[in-house]
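In: sequence and predicted model, in that order:
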Amino acid sequence: MSVERTRPRVLLADDDPGMHTAISRLISKSCDLVGCVGDTATLFKAVADLHPDIVLLDFSLPGSLNAFEVCRRLKTTPGVRIVAFTAHEDDEYRRLAGDAGASAFVWKMQASTDLVPTIHAVVEATGGS
């Protein structure tokens, strides 16, 4: 008996419109990009409205909260996992992201090879979408 996998529902939180286009193209074959937000003010409403499986969180997202606080708050939302998505390739930054509740960390420069497998690994590790 085959089990059909559902496509992970991804919300991109990044203030770069070019990144929205690039990520949409990159993940479209195996994930559903359910929305894009450009600041922390709209992120929490989008999570509540769209019910993503994964929030792809730019750790340089503009807004009144820093990325670690955003991550801690999102972590309390049932069913939502956070993938830190950042230009900061730094072991301390990676550790702090994990401490704040990120399930995984993807360096933007390696998105073309690492992003889709990471999204799927996070979803599979937490029981699917």
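Out: Perfect, thanks for sending it.

In: how close does the residue nearest to Ser64 when sequence neighbours are not counted get to Ala48?
Out: Distances taken as C-beta to C-beta, 6 or more residues apart in numbering place Thr40 nearest to Ser64, at 6.4 Å, with adjacent residues excluded. Heads up, the C-betas are built off the backbone N, CA and C, glycines and all. Thr40 is 14 Å from Ala48, where distance means C-beta to C-beta, to the nearest Å.

In: any low-confidence regions in the protein?
Out: Residue ranges of the chain with pLDDT under 70: 1-5, 128-129.

In: ok, Phe85 - contacts?
Out: Asp14, Leu56, Leu57, Asp58, Phe59, Val106, Lys108, Ala111, Leu115 (C-beta atoms under 8 Å, 6 or more residues apart in numbering).

In: and if we set it to 6 Å?
Out: Leu56, Asp58, Val106 (C-beta atoms under 6 Å, 6 or more residues apart in numbering).

In: tabulate these in JSON lines, adding columns for distance to Ser24.
Out: Formatted as JSON lines, these follow (distance: C-beta to C-beta, whole Å):
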{"residue": "Leu56", "distance to Ser24": "11"}
{"residue": "Asp58", "distance to Ser24": "15"}
{"residue": "Val106", "distance to Ser24": "16"}
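
In: among the residues you listed, who's most crowded?
Out: Greatest neighbour count in the contacts of Phe85, by other C-beta atoms under 10 Å, goes to Leu56: 26 neighbours.

In: ok so, going back, so the residue nearest to Ser64 touches Gly63, yeah?
Out: Yes. Between Thr40 and Gly63 there is a contact under C-beta atoms under 6 Å: 2.7 Å.

In: who's in contact with Ala13?
Out: Val37, Leu43, Leu57, Asp58, Leu61.
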